[in-house]
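> 3D model of this:
(one chain, ligands or ions: 1)
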Amino acid sequence: MGLRNRIAHVSMTTMLATGGRVTDRLIQYHANRASGGAAMTITEPLGTAPHQATLPRVQVWNDSDSDALKRWADAVETQDCRLIGQIQDAGRGRHAPGRNPEAIGASARPDDLSWTMPHVLTTDEIFSLVANIAQSAQRLQRCGWSGTEISAGHGHLFHQFLSPWSNVRTDAYGGDWHARARIVVELVAEIRALCGPRFIIGLKLPVDDGVPNSIGPAEAAIVADILTTGKNVDYVCFAGGAHARTLEMHVPDRYGPPMPYMPVIKKLRHATNGVPVMALGRITDPAEADGILARGEAALIGLGRPLVADPAWPRKTANGRVWDIRYCLSCNTCWGAIVMQHRAIACVNNPRVALPDEVDFWPQRTTTPKRIIVVGAGIAGMEAAWVAAARGHQVTLFGRSPEPGGKARLRALLPGGETISSIYDYQTGAAHRAGVDLELGVTANLENIMARQPDAVILATGSTMLSPDWLPASVQSENLVPNLRDAMQEIIRHTQRQPGTAVIFDMDHTEATYAAAEALHARFSRVVIITPRDTIATDVQMVTRQGIFRRMADKRITTIPLAEPRWSAACEDGKLEYANVYNGDTGVIEDVAFLTYATPRVPNDALVAPLRAAGVAVHLVGDCLSPQELLSATATGHAVGCAV
Ligand SMILES: Cc1cc2nc3c(=O)[nH]c(=O)nc-3n(C[C@H](O)[C@H](O)[C@H](O)COP(=O)(O)O)c2cc1C
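As a prediction, the model looks like this:
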């Protein structure tokens, strides 16, 4: 089978299936990636054996949804894109709270994160698992699908069989590398026997699972060699991490380097017996992909999150429109949506995931153009402005700062923040193309807004952190203790190190606070975070939180949980007292050189009432509507831009 180019959309769970069945939106998601130019799209894990019947995935081990499976194949394959169904079982792996009573596994070893103890598969159960999965693959083939990918990485069931740490069996499926790989070898052979040579079989294998005595780069080469001997598979890709404290390696984020697996992948390509290797893992820029291919480091380029952010990435690249790509931030908001919130996949930089007009989106023009004022040039206001203008409205945007981006521009200067610029850079380009009149460096007020005689006003004026209760009014009024945002505006300008301790009072628990803590660590001798909760980062999804804990530990940034500061005269001498929120026991932080707070934010919506009193239709977006994360800023801005 030929591919029209070298780009594949790699497996991404979307949570778009409902009740174990295919939905139109799930088909649309993959059809969009096909129409955006990918040559092959690998689905999320399918229910390929009866024991997976209760999982929220499309069930393909019986014929109940075969018509929809055919429609899915038609929607993708007719666009010259190969549709590949992923085979995966999480085994004992679980990252939600609680344990999985239905988990199956290679051996009675607990899952590292949830401590789930799996039922150990007997050899008969292995035979029937392999047979069921192979029959499911055959069903996909009957429905017009081009192939399957067996996920034997990421710490899932087959990876658990491969790893000497999690597989301590003494039968034919445990012992040495060949025995531990047997289940995958037999599964590949069974699928090949049922589906024949014109059916793609791909393998997702560990590149390095980061678990001691398990599978590092050297062992990954042994596994790759065994599983490609005989060339019964058509491609191999490699991914990192396991269900362990290395879960974060599954989805490498913006705090680490781009393409983090490539140094190992380019060596592993020599271990695959000539079977084509697909490179993947934070390849976000077409130039990076070109480099990998030009250097012969891989035959295929796998893109996950970059195609969630912009399904037209391949098409735009081919047409010389790289400047027009909405880039992936590697923020893992998508992962948080599907895994932590159990809701449909969502993207900070793509408010239209899986909608029919998602690919290369440019809005339909309105038949009733209006005069619209947008107040605020943060990412919520910018999104609303370009979309409304592209629809044909006459849009003027007032922004207080000389540049668009708002608070996101500050975040871009903190550790892990650089990729955020891709949101407001895209929006700025789109605003120019759509004809937004950008009036930057202008503070909006009732007079200058009303002077433009607007039909509608979109307020994107953000939010302000609340002063904490323990801060006396006199200190608040003199602004002696700045909030974290104001503090960081100042701090990032100073590169000199300062003695003493920087203290953050944390009632925020979102990622930016810990990025600020890292920036403070570069300037002060010590950083301490005091929080009234029992730990930090509780509003950050798990993979990002693992990275935060790792970096806080590496930098020796300490946390004082279940505590609040107490203001006293001693603060003047650099001593900060704090008290336990339950029993009032106190402690003191000495040598405090810097104190700031990150607290819940209040919307800056003072203009709403006067504008409404003046008879103007007012719409609120972003923090001004409800202080939240980046996702809600672009989503609400986009929605109002489309609706106004
Ligand atoms: C939201 C999300 C869902 C994912 N779901 C799966 C999955 O179901 N199966 C799988 O093998 N990998 C899954 N992955 C991992 C990706 O396939 C890929 O290995 C990883 O995201 C790195 O590639 P990227 O940087 O191009 O996104 C998922 C990743 C994300 C961010």
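
> residues near the residue of the chain found nearest the ligand, how many?
Distance from the ligand to each residue of the chain (C-beta to the nearest ligand atom) is smallest for Gly304, at 2.8 Å. For glycine as for every other residue, the C-beta is placed from the backbone atoms N, C-alpha and C. Counted by other C-beta atoms under 10 Å, the residues lying close to Gly304 total 22.

> what separates it from Arg282, distance-wise?
9 Å (C-beta to C-beta, to the nearest Å).

> that older thread, quick one: the residue of the chain closest to the ligand from Val207, how far?
Taking C-beta to C-beta, one finds Gly304 at 14 Å from Val207.

> Same question for Gly392.
49 Å.

> And for Gln88?
According to C-beta to C-beta, Gln88 stands 17 Å off from Val207.

> For the two, indicate the residue with more neighbours.
Just comparing Gln88 and Val207: by other C-beta under 10 Å the higher neighbour count belongs to Val207, 28 against 25.

> quick revisit: what sits against the closest residue to the residue of the chain closest to the ligand other than its chain neighbours?
Using C-beta to C-beta, 6 or more residues apart in numbering and skipping residues adjacent in sequence, the residue nearest Gly304 is Val10, 4.5 Å away. Val10 makes contact with Ile42, Cys237, Met278, Leu280, Gly302, Leu303, Gly304, according to C-beta atoms under 8 Å, 6 or more residues apart in numbering.

> and those residues as CSV, adding secondary structure?
CSV is the format used below for these (DSSP: H, G, I helix; E, B strand; the rest coil):
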residue, secondary structure
Ile42, strand
Cys237, strand
Met278, strand
Leu280, coil
Gly302, strand
Leu303, strand
Gly304, coil
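
> contacting residues for the residue in the chain sticking out farthest from the centre?
Centroid-distance maximum for the chain: Ala569 at 45.2 Å, with C-alpha atoms, centre = their mean. By C-beta under 8 Å, 6+ apart, no residues touch Ala569.

> Return the residues of this protein in contact with the ligand.
The chain has residues 10-13, 44-45, 86, 88, 151, 154, 204, 239, 250-251, 280-282, 303-306, 334-335, 338, 345 near the ligand, with proximity defined as C-beta under 6 Å from any ligand atom.

> give me that answer again for 5 Å
Counting by C-beta under 5 Å from any ligand atom, the positions of the chain adjacent to the ligand are 10-13, 44, 151, 239, 251, 280-282, 303-305, 334-335.

> In helices, which of the residues you listed fall?
Arg305, Cys334, Trp335 (DSSP state H).

> quick one: pLDDT of the closest residue to Ala193 other than its chain neighbours?
Of all residues not flanking Ala193 in the chain, Ala134 sits nearest, at 7.5 Å (C-beta to C-beta, 6+ apart). Note on Ala134: pLDDT of 98.

> The one 5 residues further on now?
At Arg139 the predicted local distance difference test score is 98.

> residues contacting it?
Residues near Arg139 by C-beta under 8 Å, 6+ apart: Val60, Trp61, Asp63, Ser66, Leu69.

> A helix includes it, no?
Yes - under three-state DSSP, Arg139 sits within a helix.

> one step back: quick check: the gap between the residue nearest to Gly304 and Ile126.
Val10 is 27 Å from Ile126, by C-beta to C-beta.

> for Gly500, same thing?
Per C-beta to C-beta, Gly500 is found 61 Å from Ile126.

> same thing with Gly2?
Using C-beta to C-beta, Gly2 is found at 35 Å from Ile126.

> go on, Gly615?
Separation of Gly615 from Ile126 (C-beta to C-beta): 72 Å.

> higher neighbour count, the two?
Taking neighbours as other C-beta under 10 Å, Gly615 and Ile126 compare with Ile126 leading, 21 against 7.

> My read is that Ile423 contacts Ala380, right?
No - assessed by C-beta atoms under 8 Å, Ile423 is found out of contact with Ala380, at 10.3 Å.

> buried ones in stretch 317-335?
Buried residues in stretch 317-335, counting neighbours by 16 or more other C-beta atoms under 10 Å, are found at 317, 324-335.

> which sections of this protein are below the confidence cut-off?
Along the chain, the model assigns pLDDT under 70 to no residue.

> residue boundaries of the helices in the stretch 301-450 of the chain?
With DSSP state H, counting those that start in this stretch, the ranges of helices along the stretch 301-450 of the chain come out as 305-309, 313-318, 333-335, 379-390, 407-411, 421-434, 446-450.

> what does the second one contact?
Read it as helix 313-318. If you take C-beta under 8 Å, 6+ apart as the criterion, helix 313-318 is touched by 5, 7, 35-39, 286, 289, 303, 306-307, 310, 322, 324-325, 359-360.

> and the residue nearest the centre of the chain, what is it in contact with?
The residue lying closest to the centre of the chain (C-alpha atoms, centre = their mean) is Asn332, at 1.5 Å. The neighbourhood of Asn332, defined by C-beta under 8 Å, 6+ apart, consists of Val251, Asp253, Arg305, Gln541, Val543, Thr544.

> where exactly do the helices run in the stretch 501-644 of the chain?
If DSSP H, counting those that start in this stretch is used as the criterion, the helices of the stretch 501-644 of the chain fall at 511-521, 542-554, 608-613, 630-643.

> Show residues contacting the longest one.
Defining contact as C-beta under 8 Å, 6+ apart, one finds that helix 630-643 is touched by 331, 333, 337, 346-349, 351-352, 363, 378-388, 391, 408, 420, 423, 458, 460, 619-623, 625-626.

> Weed out the non-buried ones from those residues.
The neighbour count (16+ other C-beta under 10 Å) marks 331, 333, 337, 346-349, 351-352, 363, 378-388, 391, 408, 420, 423, 458, 460, 619-623, 625 as buried among the contacts of helix 630-643.

> Start and end of stretch 353-371, how far apart?
End-to-end distance for stretch 353-371: 29 Å, by C-alpha to C-alpha, to the nearest Å.

> er, stretch 569-580 actually
19 Å.

> buried residues in that stretch?
Cys571, Leu576, Tyr578, Ala579.

> Same check on stretch 534-542?
Ile536, Ala537, Val540, Gln541, Met542.

> circling back: hmm, which two among the residues of the chain next to the ligand are most spread apart?
Pairwise distances across those (C-beta to C-beta) peak at 19.5 Å, for the pair Glu44 and Arg282.

> What residues does the closest residue to Ala519 other than its chain neighbours make contact with?
Nearest in space to Ala519, with sequence neighbours left out and distances taken as C-beta to C-beta, 6+ apart, is Leu414 at 5.2 Å. By C-beta under 8 Å, 6+ apart, the residues touching Leu414 are Met488, Ile492, Ala512, Ala515, Ala516, Glu518, Ala519.

> Now the buried members of those.
Buried subset of the contacts of Leu414 (neighbour count, 16+ other C-beta under 10 Å): Met488, Ala512, Ala515, Ala516, Glu518, Ala519.

> Would you reformat these as a markdown table and include distance to Ala106?
Compiled in a markdown table, these are given as follows (distance: C-beta to C-beta, whole Å):
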| residue | distance to Ala106 |
| --- | --- |
| Met488 | 48 |
| Ala512 | 41 |
| Ala515 | 39 |
| Ala516 | 43 |
| Glu518 | 39 |
| Ala519 | 44 |
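
> and the spatially closest residue to Leu562 that is not a sequence neighbour, how many neighbours?
Nearest residue to Leu562 in three dimensions, chain neighbours excluded: Val581, at 5.2 Å (C-beta to C-beta, 6+ apart). Residues lying near Val581 (other C-beta under 10 Å) number 14.
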